[in-house]
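Q: structure here, sequence nowhere to be found:
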């Protein structure tokens, strides 16, 4: 018996065998059951998803000796002839090869003759978008008012090229890409039939490479079976097809994360010396970066990544930011677009790796602006209740001179108007349960005083100071519950001068590095 490729051998024979086209199957079945047969159908969608197979199944359903039926028997003479392509009443035409108006005129003449033996005469025109404008115009009247025994089924991968006048006269069905899981299940079934051993990740890789086309998956599967010697595994596939494995990708990304330019370049050249094409290496690395980006955004499903989550280096996932991964992908895509014009693709790829060795230091414009805004906020002294909130206000008369290390209340004679209660302690108790973060901020008060109906709180730490400022209205409510309704709040940040100067110098150095500038004296 002659060898038959899997794509032909496993071609669907009934609607139930069409993979992942549930809406189309349900609609066509229902229309056949109700006898609502259209004169023209337009099947569109990517290659290898079942358009032509669906057209043949519809032709069998209409002409089966037990029909019209949504479940053609596949055993009668009509079903067998249609399946083998020998039926006189089901005519398949390649639109790419029969583009002229004369070809269409032949069809117009033929439709006048009744079917030879079948119930319907069915014309299946594949790649119908390839017809000329004149040919389309010649078809218009025929598909709008054909004889009752004529059915046209058009198939195309580029529906936008089919004139609207044709589309409006057809029932349109858009075939979608087949899921990776759906393809994988079909491949597993074929492998079992052929008694070929396989690993899950190998079938997963084939399904992913097919990009939604079951026919492409079957073709790639046949190629791999031919050299696998009865057992398919991912390492063998990558070795024979010249692909870069996950281990190599993790190693390369690790060198880039460490900023080790020499190690990265040496590793890349070692991999290329095995015979792997630069284009393939670049494609595989781009896909790896894309998967890391997905994981960073919480997308961890195997069928989207193409590999189990544990295959990816945790160090790489944690080490790169989303913006850095986007930078890297842009560089990869730019090189891939330009490789065809490159004088030396190998050198260009090495240049890419060299640049990516500094990936960890790359920051986006948004990040730069954020840093600048933070520096601006910290270097500018904001106002609070009309009082400057600046460090170095130890001489201010409103700030207590003495500091208690426990609750740090003021104990000078000037505080004779202070209530008997310890205000800060009471506030901490009130917030301890429902607002623990606020209570914790109050505990970090450096010193406080209460006089002339004003509660002054002083901080050396900026974060708790900002927390208290944000919750001023709530603090006032609690003070009112203590009988202090009209108390004014003064919240001050008294920074450590030496620490502040050190931090400010560090930030100035950051700005110098970002903008590659120098500090100059005023007036020079």
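A: Thanks, I have it. Keep in mind it's a predicted model, so treat the numbers as computed, not measured. Numbers count the residues shown, from 1 in each chain.
Q: from now on I want contacts and neighbour counts done on CA atoms only, so please keep to that.
A: Will do.
Q: could you find the closest non-adjacent residue to the most centrally placed residue in the chain?
A: Centroid-nearest residue in the chain, with Cα atoms, centre = their mean: residue 294, separated by 5.8 Å. Using Cα to Cα, 6 or more residues apart in numbering and skipping the chain neighbours, the partner closest in space to residue 294 is residue 300 (7.1 Å).
Q: quick one: that neighbour is in a helix?
A: No. Read with DSSP: H, G, I helix; E, B strand; the rest coil, residue 300 is coil and lies in no helix.
Q: quick one: contacts of stretch 25-33?
A: For stretch 25-33, the external contacting residues (Cα atoms under 8 Å, 6 or more residues apart in numbering) are 15, 16, 18, 37, 58, 61, 62, 68, 69, 70.
Q: in CSV: those residues, plus neighbour count.
A: Below are those laid out as CSV (neighbours: other Cα atoms under 10 Å):
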residue, neighbour count
15, 22
16, 15
18, 20
37, 15
58, 26
61, 26
62, 26
68, 21
69, 20
70, 23
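Q: narrow those residues to those in strands?
A: Of the positions in the contacts of stretch 25-33, not one sits in strands, assigned by DSSP state E.
Q: ok, the residues you listed vs residue 276, which is closest?
A: Residue 276 lies nearest to residue 18 out of the contacts of stretch 25-33, by Cα to Cα, at 36.9 Å.
Q: which non-adjacent residue is nearest that closest one?
A: Closest residue to residue 18 apart from its sequence neighbours, by Cα to Cα, 6+ apart: residue 12 at 6.1 Å.
Q: what is the helix or strand hosting residue 354 packed up against?
A: Using DSSP states H and E, residue 354 sits in helix 345-356. Judged by 3 or more Cα pairs under 8 Å, 6 or more residues apart in numbering; DSSP states H and E, helix 345-356 is in contact with helix 261-272, helix 278-296, helix 322-338.
Q: tell me how far residue 33 lies from residue 69.
A: Going from residue 33 to residue 69 by Cα to Cα, to the nearest Å gives 7 Å.
Q: likewise for residue 16?
A: Distance of residue 16 to residue 69, computed by Cα to Cα: 13 Å.
Q: and residue 422, by the same measure?
A: Taking Cα to Cα, one finds residue 422 at 89 Å from residue 69.
Q: ditto for residue 373
A: From residue 373 to residue 69 the distance is 71 Å (Cα to Cα).
Q: do the same with residue 266
A: Per Cα to Cα, residue 266 is found 65 Å from residue 69.
Q: then residue 215?
A: According to Cα to Cα, residue 215 and residue 69 sit 27 Å apart.
Q: next one: residue 330
A: Counting by Cα to Cα, the gap from residue 330 to residue 69 is 53 Å.
Q: residue ranges with poor pLDDT in the stretch 151-300 of the chain?
A: The stretch 151-300 of the chain contains residues with pLDDT under 70 at 242.
Q: show me the helices in it, by range?
A: Counting by DSSP state H, counting those that start in this stretch, one finds helices in the stretch 151-300 of the chain at the ranges 164-167, 180-194, 200-209, 214-228, 234-241, 246-258, 261-272, 278-296.
Q: which one, of those, ends up nearest to residue 53?
A: helix 214-228 (11.1 Å).
Q: so which elements touch the closest one?
A: Secondary elements touching helix 214-228 (3+ Cα pairs under 8 Å, 6+ apart): helix 6-9, helix 180-194, helix 200-209, strand 231-232.
Q: would you turn these into TSV with distance to residue 115 and mean neighbour count?
A: Formatted as TSV, the helices and strands packed on helix 214-228 follow (distance: least, Cα to Cα, whole Å; neighbours: other Cα atoms under 10 Å):
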stretch	distance to residue 115	mean neighbour count
helix 6-9	27	14
helix 180-194	37	17
helix 200-209	41	21
strand 231-232	48	18
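Q: and the ones you listed as CSV, adding distance to residue 53?
A: Rendered in CSV, the data for the helices and strands packed on helix 214-228 read as follows (distance: least, Cα to Cα, whole Å):
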stretch, distance to residue 53
helix 6-9, 10
helix 180-194, 16
helix 200-209, 20
strand 231-232, 28
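Q: what are the ranges of the strands in the stretch 351-500 of the chain?
A: Assigned by DSSP state E, counting those that start in this stretch, the strands in the stretch 351-500 of the chain fall at 383-384, 387-388, 447-451, 454-459, 488-493.
Q: shaky segments in the stretch 401-524 of the chain?
A: For the stretch 401-524 of the chain, the ranges with pLDDT under 70 are 401-421, 495-504, 506-507, 510-517, 519-524.
Q: again, only using 80
A: Along the stretch 401-524 of the chain, segments meeting pLDDT under 80 span 401-421, 433-437, 461-463, 493-524.
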